[in-house]
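# Give me coordinates for this.
(chains A, B, C and D)
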There are 2 protein chains.
Amino acid sequence: MTGKTVRAEQVSATRELILVAAERLFAEHGVFAVSNRQVSEAAGQGNNTAVGYHFGTKADLVRAIARKHAKQIERLRLRMVAEIGEPADVRDWVSCLVRPVTDHLAALGNPTWFARFGAQAMTDPALREIMVEESLTSPSLQQIIDGLNRCLPSLPAEVRAEREDMARQLMVHMCAERERALADGTPTPRSSWHGAANGLIDALVGLWLAPVVS
Amino acid sequence: MTGKTVRAEQVSATRELILVAAERLFAEHGVFAVSNRQVSEAAGQGNNTAVGYHFGTKADLVRAIARKHAKQIERLRLRMVAEIGEPADVRDWVSCLVRPVTDHLAALGNPTWFARFGAQAMTDPALREIMVEESLTSPSLQQIIDGLNRCLPSLPAEVRAEREDMARQLMVHMCAERERALADGTPTPRSSWHGAANGLIDALVGLWLAPVVS
DNA sequence: TAGCTTAAGTCAAGCGACTGATTTAAAATC
DNA sequence: GATTTTAAATCAGTCGCTTGACTTAAGCTA
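Residues are numbered from 1 along each chain as shown, chains lettered A, B, ... in the order given. As a prediction, this is how the structure comes out:
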């Protein structure tokens, strides 16, 4: 952030204002229920083309939001993977999957919007690919998958692929669910993001270790 | 369907045309990326107000689609719950949760659109409540939850609530994932909806039986 | 001063909602 | 049972409004 010129500082401040405003509006009203104009206005920009100028289309804006968070989560995940002890068991690897996300959300304070935004974007036919590109193409993520596979050598390949998907879906949508409840004031099963992570980790360990019966 | 007048027959045919067209367009392009006009046109209605006339707002249309499928799934689920043997174990109840949904999708043939539509609607802030009302307020569903709880008496209430959520999220989004892959021609872990259900059931049994560690 | 950023205003296109006319099955009347 | 009346469904077109995209001008930093 430092080391920039005054000009560049102002520009990235403007961009950040837009990103935050967009994330909030998208989470609260839906990505496609909010126009670029409304985002620009909410970001305090007099110009109705501010989003277009700084980011381009709505898809580009979504990408920028995703990238921002993915970067921060990836930092936490790399650190955690680096610190993992040997021998690592399924629970260790699952924790590496879950904690960076929940820790990131916890660090954002309250309220947060990213989990709800992410869940929407992941289910939209036009935005899904963008989200996958930005958040699933991560070296540390592959490391975790590999580590998990080493723990579960007897699991058939198709079951592994399936359970990877399940783990991902569960993380994305359970975080969104909790964030929604927090925003609505609805009671949550756990009192903190850390607790929610505990619940997720327990469940995911059970899921990965589940015998293949049928 | 029979026993109706000719007039009523035509009307419900028109409504069905609109529902099917909407479901397809929503799944392929996104619920809010498709206008009511486009739906009317795709349904072969000359009038751009056809959706408004028959259903009302877009939210009402979404509700009608959800209700249609929920009804059919509920029929399958009631039958399966009625046929469940005693004593029923976790796997029996989980099967009652999963099979009606996958069987319904299998019965729809190929391609299907409902799973992708449902996943979108479930994550949208404006549509979520509608979907919950239409598909989660079902007597048979409560029976299954109760049965599951009887199998797992030692599970803390908050963990139970949490894992109910997880099971629901997994069903919705894994079905959508598979439907997407089928539509794209991407390889799927399983060759049939029945096989996908097997994978889901194995995983969910493991998830429910997972020890509460942390 | 040159170039990037913000502001202000304009534009055609598409939106949901509305209107009145037309069609036609169904109900009422004879 | 034939004829008239009614009301639901469909059609065709219009309305005000919002949208993303565009143009032009002003502001400010390097």
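
# where do the helices sit along chain A?
Ranges of helices in chain A, per DSSP state H, are A:6-29, A:36-42, A:50-54, A:58-82, A:90-107, A:114-123, A:128-135, A:139-151, A:157-184, A:193-209.

# then the last one to PDB, C-alphas only?
Read that as helix A:193-209. What follows is helix A:193-209, C-alpha atoms only, in PDB (Å, rounded to 0.1, in the frame of the first residue of the first chain):
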ATOM      1  CA  TRP A 193     -16.400 -18.700  13.200                       C
ATOM      2  CA  HIS A 194     -13.900 -20.900  15.000                       C
ATOM      3  CA  GLY A 195     -16.700 -23.000  16.400                       C
ATOM      4  CA  ALA A 196     -18.300 -23.300  13.100                       C
ATOM      5  CA  ALA A 197     -15.000 -24.500  11.700                       C
ATOM      6  CA  ASN A 198     -14.900 -27.200  14.400                       C
ATOM      7  CA  GLY A 199     -18.300 -28.400  13.300                       C
ATOM      8  CA  LEU A 200     -17.300 -28.400   9.700                       C
ATOM      9  CA  ILE A 201     -14.000 -30.200  10.300                       C
ATOM     10  CA  ASP A 202     -15.700 -32.900  12.400                       C
ATOM     11  CA  ALA A 203     -18.300 -33.500   9.600                       C
ATOM     12  CA  LEU A 204     -15.800 -33.400   6.800                       C
ATOM     13  CA  VAL A 205     -13.500 -35.900   8.500                       C
ATOM     14  CA  GLY A 206     -16.400 -38.200   8.800                       C
ATOM     15  CA  LEU A 207     -17.400 -37.600   5.200                       C
ATOM     16  CA  TRP A 208     -13.900 -38.400   3.900                       C
ATOM     17  CA  LEU A 209     -13.500 -41.500   6.100                       C
END
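
# Against which helices or strands is the least confident helix or strand in chain A by mean pLDDT packed?
Scoring the helices and strands of chain A by mean pLDDT, DSSP states H and E places helix A:6-29 at the bottom, with a mean of 89. Here helix A:6-29 touches helix A:36-42, helix A:50-54, helix A:58-82, helix A:114-123, helix A:157-184, going by 3 or more CB pairs under 8 Å, 6 or more residues apart in numbering or on different chains; DSSP states H and E. In short, each C-beta sits where N, CA and C put it, glycine included.

# ok, and does stretch A:170-189 reach over to chain B?
Yes - residues of stretch A:170-189 contacting chain B under CB under 8 Å from any CB of the partner chain: A:170, A:173, A:174, A:176, A:177, A:189.

# By neighbours, which of those wins?
Neighbour tally across those (other CB atoms under 10 Å in any protein chain shown): the maximum, 27 neighbours, falls on residue A:174.

# In contact with the closest residue to residue A:76 other than its chain neighbours: list those residues for me.
Distances taken as CB to CB, 6 or more residues apart in numbering or on different chains place residue A:100 nearest to residue A:76, at 3.9 Å, with adjacent residues excluded. Residues in contact with residue A:100 (CB atoms under 8 Å, 6 or more residues apart in numbering or on different chains) are A:73, A:74, A:76, A:77, A:80.

# Quick check, pLDDT for residue A:100.
pLDDT recorded at residue A:100 is 98.

# Nearest to residue B:66 among the contacts of residue A:100?
Of all the contacts of residue A:100, residue A:73 has the smallest distance to residue B:66: 33.0 Å, by CB to CB.

# Quick one, grab the pLDDT at the closest one.
pLDDT at residue A:73 comes out at 98.

# just residue A:85 next, same as before
Looking at residue A:85, its pLDDT stands at 88.

# Dihedrals phi and psi, it?
Dihedral pair for residue A:85: phi -80, psi 160, per degrees, to the nearest 10.
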